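Enquirer: Sequence isn't available, so here's the structure alone:
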């Protein structure tokens, strides 16, 4: 019977079924971070040990200072403590830890693929909703809560009901200045923030194939913003080339065996999906959000929507509420909205290709507002410095920081001030997400860079050619 | 985990779609431990002004809803971050059930792990329940897990669906880990066979 990538991974990890239809899944990789302390505590309270320390990898990311990776530089005792607790838990349980002094430290969803820990055919989980990121290499990866983290620590398994298959096909060629972030924002704008609930999304089509792995990581990362717990892309030669030679990728004869297995994983041509959505790549423009849900996204050429034209009362209320919080007037061209600050980073957009795209826009220009770049890992930072990107950003007046989640969620103290408007490459524009009263506009690294150098939302395609 | 059998309580309507977990519990509180208590932080920035005083216009601050143990919400409640703290905040405040047309997937699972019952009903019925609660603030809703019914202030009972295993766990107040550990042999046998095939793990 023809099967999807998701079906194949699901059935190869099914240990047993309960009479009600839930399946006990084997977990290949479990990533933990500095927000996992409560799960370790639950385990201890039950007197249980970590079942598979060899399959569990830890790195601190949410609470780390981006000014310095000296532990002592985390001034607030409660933040320093959660990082210390992760280190202690990792040591006690014998987990591999990419700690603060390790160049491999970074945002957990950047580190996994970068180290070759995330591989096709795997089931990966992490106590973070952006775990779907790892699906870009052809894995089933999803976020779980603290109780489920504790369950995986104790048993290396998880009970799940099988979600439905959904395929989102993006065919054609993306225009100049349009990238992975614009594609995923366009998808969410089309299907809505709950459009993928109960489904695993497979992203397919020539535009997704052409993106390369880093772009696919960006797309899969925001699956949860479309309501889907997991997003994935069938592995192909680009996936294999990306993984080859990475520290935890298979080597020698194991590589050949792995490759043969991985080539059997892509969805069969006649596999059935419960739902299909199609987008034309050529029609996607650089996207920005104007509201307080990622579904409130529009092409930069559009205007702030008018609640009066909403199809129903509920929709009208929701637009009115969003515009009140965002302090925007209906009908304002998006490209006229003044911005106070720019943030380039997060598990969505902090990889080397993101930084290159932003640096290309910034090169030879000056930021006219406070702007910062936070690389996704110590290795991304080192690579960017080897390429001279840090110098481009610094010359333009950007801050160049250490790796971490930073201003995407502000748990380390990197906050957007109340009332401030931020051009951000992160994944959520929720009320108060980047700080109490903060106003977030989501966009691509190139678009955030353009906003930083003009001080307003800007169509990166319209920036004048440099002298 | 406390068993959930039957709940007859004041219900509070929160008729805003896409209430994300950042609104239920802002990220700046997440460093705290489970046992530290979370109820006073529920909906913190919606509930309190900058000086920490309750905002009179927020629904939970209205006298009629002070004893609310049920939230009647709108679509995609609990979307966003996987933080289980969102469930802990609701639970510690006293909420034992949320009725909505749909939920964020991770929040839904997290709720079941903590004895908080997420109930899915059709959007029209949920809207009617909210309207009834707004019309007579302080009205009660009854939720009966055994027959899987929600009875509104109008006396009309609707049946809801729930995974039978989750239902058993809620009725008995048991969690997953001990159940799974009971299947240790099958897990170990699976791992052995699996790792013989995927040698490079």
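Expert: It's in. For clarity, every value in this text was computed on a predicted model and none was experimentally measured. Residues are numbered from 1 along each chain as shown, chains lettered A, B, ... in the order given.
Enquirer: what's next to the worst-scoring helix or strand of chain B on mean pLDDT, contact-wise?
Expert: Sorting the helices and strands of chain B by mean pLDDT, DSSP states H and E puts helix B:176-181 at the bottom, at a mean of 90. The contact list for helix B:176-181 (Cβ atoms under 8 Å, 6 or more residues apart in numbering or on different chains) reads A:24, A:46, A:48, A:147, A:150-151, A:154-155, A:157, A:159, B:113, B:169, B:187. C-beta here means a position set from N, CA and C on the backbone, and glycine is covered the same way.
Enquirer: Kindly provide the distance from the residue lying closest to residue A:262 once chain neighbours are set aside to chain B.
Expert: Nearest non-adjacent residue to residue A:262, counting by Cβ to Cβ, 6 or more residues apart in numbering or on different chains: residue A:120, 4.2 Å away. Distance, residue A:120 to chain B, using Cβ to the nearest Cβ, to the nearest Å: 11 Å.
Enquirer: Which residues are in contact with residue A:120?
Expert: By Cβ under 8 Å, 6+ apart, residue A:120 lies in contact with A:137, A:138, A:139, A:235, A:239, A:243, A:261, A:262, A:265.
Enquirer: repeat that for 7 Å
Expert: A:137, A:138, A:139, A:235, A:239, A:262, A:265 (Cβ atoms under 7 Å, 6 or more residues apart in numbering or on different chains).
Enquirer: Check the burial of the second one by counting its neighbours.
Expert: Residues within reach of residue A:138, counting by other Cβ atoms under 10 Å in any protein chain shown, total 27.
Enquirer: Might one say that it is in contact with residue A:233?
Expert: Yes. Counting by Cβ atoms under 7 Å, residue A:233 is a contact partner of residue A:138 at 6.4 Å.
Enquirer: Tell me which residues of the longest strand along chain A come out buried.
Expert: What stands out as the longest strand in chain A, according to DSSP state E, is strand A:164-171. Buried residues in strand A:164-171, counted by 16 or more other Cβ atoms under 10 Å in any protein chain shown: A:165, A:166, A:167, A:168, A:169, A:170.
Enquirer: and these, which two are the farthest apart?
Expert: Within the buried residues of strand A:164-171, two members stand farthest from each other by Cβ to Cβ: A:165 and A:170, at 16.9 Å.
Enquirer: Now render the contacts of helix B:176-181 as JSON lines, adding pLDDT.
Expert: Listed next are the contacts of helix B:176-181 as JSON lines, based on pLDDT from 0 to 100:
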{"residue": "A:24", "pLDDT": "98"}
{"residue": "A:46", "pLDDT": "94"}
{"residue": "A:48", "pLDDT": "97"}
{"residue": "A:147", "pLDDT": "96"}
{"residue": "A:150", "pLDDT": "98"}
{"residue": "A:151", "pLDDT": "98"}
{"residue": "A:154", "pLDDT": "98"}
{"residue": "A:155", "pLDDT": "98"}
{"residue": "A:157", "pLDDT": "98"}
{"residue": "A:159", "pLDDT": "95"}
{"residue": "B:113", "pLDDT": "94"}
{"residue": "B:169", "pLDDT": "93"}
{"residue": "B:187", "pLDDT": "98"}
